[in-house]
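Student: give me a model of this one.
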Amino acid sequence: MQLNAQNANSFHEPRLHAAPLLALREVSKRFGATVALNQVSMEFRTGEIHCILGENGAGKSTVGKIIAGVHEPSEGTLLLSGSAVSFTGIQDSRAHSLAMVFQELSLAPDLSVRANLRLGSKKAGGTFSLLRHHEEAAEACAILESLGCQVDVEEPVKNLPVASQQLIEIAKALLQCPNLVVLDEPTAMLGAGEKDRLFGVLRKLRDEGKALVLITHHIDDVIALADRVSVMRNGSLVDSFRMNDGIDEDSILERLTGGKLAGTVRDDQKMFDCQETLRIENLRLRDGSPASVCVRPGEIVGLYGVVGCGAEDIIGALSGARPNRKLRFFLDGQPFSPSNPARAAAQGVSYLPSGRASNGIFASLSIRENLCLSMLERLGRFGFVFGKAERDVALQSLQEFGVKYSDMEAPITSLSGGNQQKVLMARAMARAQKVLVLEEPTAGIDVGAKLSLHERVRELARHGVAVLLLSSDMLETIQLCDTVHTVYGGQLVRRYDKPTLADQCEIVSDILGQKTPHH
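Tutor: Numbering: from 1, shown residues only. Next comes the predicted model:
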């Protein structure tokens with residue numbers, strides 16, 4: 001796989017003669033018997049984008065959280081501009097001009113965008129200081145505009161798409177004017193347009209002399225941005241290297257996994273019945289003519305577009321999360337209009353929403369409880385759940401989905417973000433009887449786990465379940481889906497049967513509204 005010159009980083013040359021702004025020296029972190037970090041040493045320099053790669057549970061986010069003051073090292077030292085430091089909390093880290101954009105959103109959903117951006121700000125003033133709404137609003141608009149995020153700053157963040165919330169989270173960190181910023185999976189919920197704008201901002205910050213640490217599973221992000229790459233495995237640093245022309249996606253993947261990965265391939269020879277499991281009507285093409293989307297038994301259909309293109313509205317209405325009276329749904333030929341996700345699930349439509357922290361996990365419940373919530377009626381009788389049956393099913397699912405955990409009775413928040421996502425995927429797939437609706441299903445999942453989950457989705461489809469996918473990952477959409485519908489401005493643009501990588505340019509043109517398609 002060759003390096004894409006259009007997206008390449010041109011291998012920016014940092015000021016290598018300068019001492020590192022921040023260094024970790026033989027840092028270890030233990031949580032009980034679990035070793036999250038083992039003697040890790042890294043250096044982060046100003047004017048450099050340093051990417052950290054690794055599988056779920058490799059320790060990447062733990063490095064970020066130690067820098068941010070969330071965790072204190074069990075052993076080892078942090079050096080800031082050559083002097084040893086220790087942080088007692090997030091505010092302490094911020095006081096040293098360090099900031100982190102967390103993988104899980106930390107926004108207050110009922111507060112406005114403007115208010116969220118000011119939370120925890122060192123510019124917020126004292127207890128009785130006057131609130132300067134006009135000044136705050138102007139500052140909020142400016143930082144969001146730099147990220148290409150066009151929103152009403154007085155709108156509660158809960159009303160915004162998850163991708164917009166992710167950009168607000170990034171803006172919140174940048175408003176602190178830090179010297180070093182850690183970004184944990186910042187592109188997981190972003191479409192191609194939002195990602196490109198964010199990359200432009202990060203390059204500008206790098207060129208202004210900021211130190212940037214990017215934790216990501218996306219190798220194309222590394223190709224586009226990285227000056228230096230560190231690879232972690234099982235809590236240890238196993239490789240660290242400067243990017244250059246001789247390093248492409250395949251070589252990074254090999255370093256990441258310790259060997260070649262055999263990816264699964266879509267079966268383009270499979271045939272589908274004329275019978276439709278799901279039909280969506282009252283959609284429109286770009287010329288205004290009526291259109292519909294159908295998903296047959298065993299078929300995987302994708303809706304692809306930029307954030308806010310209207311595909312989210314279709315998914316929300318189908319799942320019952322956000323009813324839409326304009327759209328009409330038919331399930332096995334019968335009208336289907338769920339008022340909430342529970343009613344949709346009762347009729348065989350299972351939904352995995354995006355944004356696991358706010359829309360997926362029950363933070364106060366255990367791993368087992370989160371996993372088995374959708375299966376309780378099958379694990380008991382007369383309102384009683386058989387404990388052994390529940391534990392056996394949970395154990396089997398955790399093994400099948402490759403979840404890394406120490407105790408299934410531990411809170412689900414004890415898992416890494418990627419392992420939490422695997423639990424939610426297992427739960428959604430267990431409930432899917434007729435239709436599985438997936439919204440950003442592999443956000444925060446490492447490469448190996450992503451391929452494994454893709455195969456599980458294909459296996460479910462082979463058993464006759466219809467799958468509807470909304471993913472901001474174009475490669476995932478192309479490789480996984482039998483059919484892809486591009487969406488722009490709430491309208492369908494074009495249909496791609498058995499899409500391939502050769503369709504990428506056309507798909508990008510569709511979703512950016514750059515030309516009128518030929519139907």
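Student: pLDDT weak spots in the stretch 201-350 of the chain?
Tutor: Applying pLDDT under 70 to the stretch 201-350 of the chain picks out residues 257-266, 269.
Student: tell me where it has strands.
Tutor: Remark: strands assigned in the stretch 201-350 of the chain by DSSP state E, counting those that start in this stretch are 211-215, 228-233, 236-242, 278-284, 290-295, 300-304, 328-331, 334-336, 349-352.
Student: and residue 388, what helix or strand is that in?
Tutor: When elements are assigned from DSSP states H and E, residue 388 belongs to helix 387-400.
Student: beyond that helix, next helix or strand please.
Tutor: Sequence order places helix 417-431 as the next helix or strand after helix 387-400, per DSSP H and E.
Student: just checking, what packs against that next one?
Tutor: Counting contacts by 3 or more CB pairs under 8 Å, 6 or more residues apart in numbering; DSSP states H and E, helix 417-431 packs against strand 349-352, helix 356-359, helix 367-372, helix 387-400, strand 435-439, helix 447-462. C-beta here means a position set from N, CA and C on the backbone, and glycine is covered the same way.
Student: so which of these is nearest residue 251?
Tutor: helix 447-462 (13.5 Å; CB to CB).
Student: what angle sits between the closest one and helix 417-431?
Tutor: Here helix 447-462 runs at an angle of 10 degrees relative to helix 417-431 (axes from the mean of the first three to the mean of the last three CA atoms, to 10 degrees).
Student: just the CA trace of helix 447-462, in CSV.
Tutor: Extracted as CSV, the C-alpha positions of helix 447-462 are listed here (Å, rounded to 0.1, in the frame of the first residue of the first chain):
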residue,chain,number,x,y,z
VAL,A,447,-7.2,-2.5,13.5
GLY,A,448,-7.2,-6.2,14.5
ALA,A,449,-10.4,-5.9,16.6
LYS,A,450,-12.1,-3.9,13.8
LEU,A,451,-11.5,-6.7,11.3
SER,A,452,-12.8,-9.3,13.8
LEU,A,453,-15.9,-7.2,14.4
HIS,A,454,-16.5,-6.9,10.7
GLU,A,455,-16.4,-10.6,10.3
ARG,A,456,-18.9,-11.0,13.2
VAL,A,457,-21.3,-8.5,11.4
ARG,A,458,-20.9,-10.6,8.2
GLU,A,459,-21.6,-13.8,10.1
LEU,A,460,-24.8,-12.3,11.6
ALA,A,461,-25.8,-11.2,8.0
ARG,A,462,-25.2,-14.8,6.8
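Student: give me the distance from it to the chain's centre.
Tutor: Centre-to-centre, helix 447-462 and its host chain are 17 Å apart (CA atoms, centre = their mean, to the nearest Å).
Student: hmm, back to that, rank the helices and strands packed on helix 417-431 by pLDDT, which is bottom?
Tutor: Ranked on mean pLDDT, the bottom entry among the helices and strands packed on helix 417-431 is helix 356-359, at a mean of 78.
Student: roughly how far is it from the heart of the chain?
Tutor: Centroid separation for helix 356-359 versus its chain: 11 Å, with CA atoms, centre = their mean.
Student: residue 55 touches residue 448, doesn't it?
Tutor: Yes. Look at residue 55 against residue 448 with CB atoms under 8 Å: they come within range, at 6.3 Å.
Student: tell me which element residue 493 is part of?
Tutor: Going by DSSP H and E, residue 493 is part of strand 491-497.
Student: who touches the following helix or strand past that strand?
Tutor: Where DSSP H and E defines the elements, the next helix or strand beyond strand 491-497 is helix 504-511. With CB atoms under 8 Å, 6 or more residues apart in numbering as the test, helix 504-511 has contacts from 191-192, 304-306, 309, 474, 478, 484, 486-488, 493-494, 496, 499, 514-515, 517.
Student: before we move on, what about stretch 406-418?
Tutor: Residues outside stretch 406-418 that contact it (CB under 8 Å, 6+ apart): 31-34, 55-57, 61, 103-104, 184-185, 217, 356, 361-368, 370-371, 391, 394-395, 398, 403-405, 420, 423, 444-446, 449.
Student: flag the shaky bits of the stretch 1-150 of the chain, pLDDT-wise.
Tutor: In the stretch 1-150 of the chain (pLDDT under 70), the answer is 1-18, 120-131.
Student: residue contacts, residue 398?
Tutor: Counting by CB under 8 Å, 6+ apart, residue 398 makes contact with 367, 371, 405, 408, 423, 426.
Student: circling back to that earlier point, buried ones among the contacts of stretch 406-418?
Tutor: Buried subset of these (neighbour count, 16 or more other CB atoms under 10 Å): 55-57, 61, 103-104, 184-185, 217, 356, 361, 366-368, 370-371, 394, 398, 403-405, 420, 423, 444-446, 449.
Student: about what we covered before: out of the strands of the stretch 201-350 of the chain, which is closest to residue 38?
Tutor: Nearest of the strands of the stretch 201-350 of the chain to residue 38, taken as CB to CB: strand 236-242 at 4.9 Å.
Student: which residues of the stretch 401-519 of the chain score low on pLDDT?
Tutor: Applying pLDDT under 70 to the stretch 401-519 of the chain flags the ranges 514-519.
Student: switch the cut-off to 80
Tutor: Across the stretch 401-519 of the chain, the ranges flagged by pLDDT under 80 are 443-449, 512-519.
Student: just put the strands of the stretch 201-350 of the chain in JSON lines and tack on mean neighbour count and distance to residue 145.
Tutor: JSON lines is the format used below for the strands of the stretch 201-350 of the chain (neighbours: other CB atoms under 10 Å; distance: least, CB to CB, whole Å):
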{"stretch": "strand 211-215", "mean neighbour count": "25", "distance to residue 145": "20"}
{"stretch": "strand 228-233", "mean neighbour count": "22", "distance to residue 145": "30"}
{"stretch": "strand 236-242", "mean neighbour count": "16", "distance to residue 145": "34"}
{"stretch": "strand 278-284", "mean neighbour count": "18", "distance to residue 145": "30"}
{"stretch": "strand 290-295", "mean neighbour count": "17", "distance to residue 145": "34"}
{"stretch": "strand 300-304", "mean neighbour count": "24", "distance to residue 145": "26"}
{"stretch": "strand 328-331", "mean neighbour count": "19", "distance to residue 145": "37"}
{"stretch": "strand 334-336", "mean neighbour count": "13", "distance to residue 145": "41"}
{"stretch": "strand 349-352", "mean neighbour count": "24", "distance to residue 145": "32"}
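Student: thinking again about what came up before, of the contacts of helix 504-511, just the buried ones, ChimeraX syntax please.
Tutor: Buried subset of the contacts of helix 504-511, written as a ChimeraX selection, criterion 16+ other CB under 10 Å:
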select :191,192,304,305,306,309,474,478,484,486,487,488,493,494,496,499,517
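Student: among the contacts of helix 504-511, name the ones in helices.
Tutor: Those of these mapping onto helices are 192, 474, 478, per DSSP state H.
Student: follow-up on the earlier one: now the strands of the stretch 201-350 of the chain as JSON lines including distance to residue 430?
Tutor: Below are the strands of the stretch 201-350 of the chain laid out as JSON lines (distance: least, CB to CB, whole Å):
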{"stretch": "strand 211-215", "distance to residue 430": "30"}
{"stretch": "strand 228-233", "distance to residue 430": "30"}
{"stretch": "strand 236-242", "distance to residue 430": "34"}
{"stretch": "strand 278-284", "distance to residue 430": "19"}
{"stretch": "strand 290-295", "distance to residue 430": "20"}
{"stretch": "strand 300-304", "distance to residue 430": "18"}
{"stretch": "strand 328-331", "distance to residue 430": "19"}
{"stretch": "strand 334-336", "distance to residue 430": "21"}
{"stretch": "strand 349-352", "distance to residue 430": "8"}
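Student: so which of those strands comes closest to residue 270?
Tutor: The closest of the strands of the stretch 201-350 of the chain to residue 270 is strand 300-304. By CB to CB, the value is 10.3 Å.
Student: what strands line up against the closest one, and which way round?
Tutor: Strand 300-304 pairs in its sheet with strand 466-470 (parallel), strand 483-488 (parallel), by DSSP bridges.
Student: residues touching the longest one, excluding its own?
Tutor: Put plainly, it is strand 483-488. Contacts with strand 483-488, where a contact means CB under 8 Å, 6+ apart, come from 286, 293, 299-306, 309-311, 477-478, 492-499, 507, 510-513.
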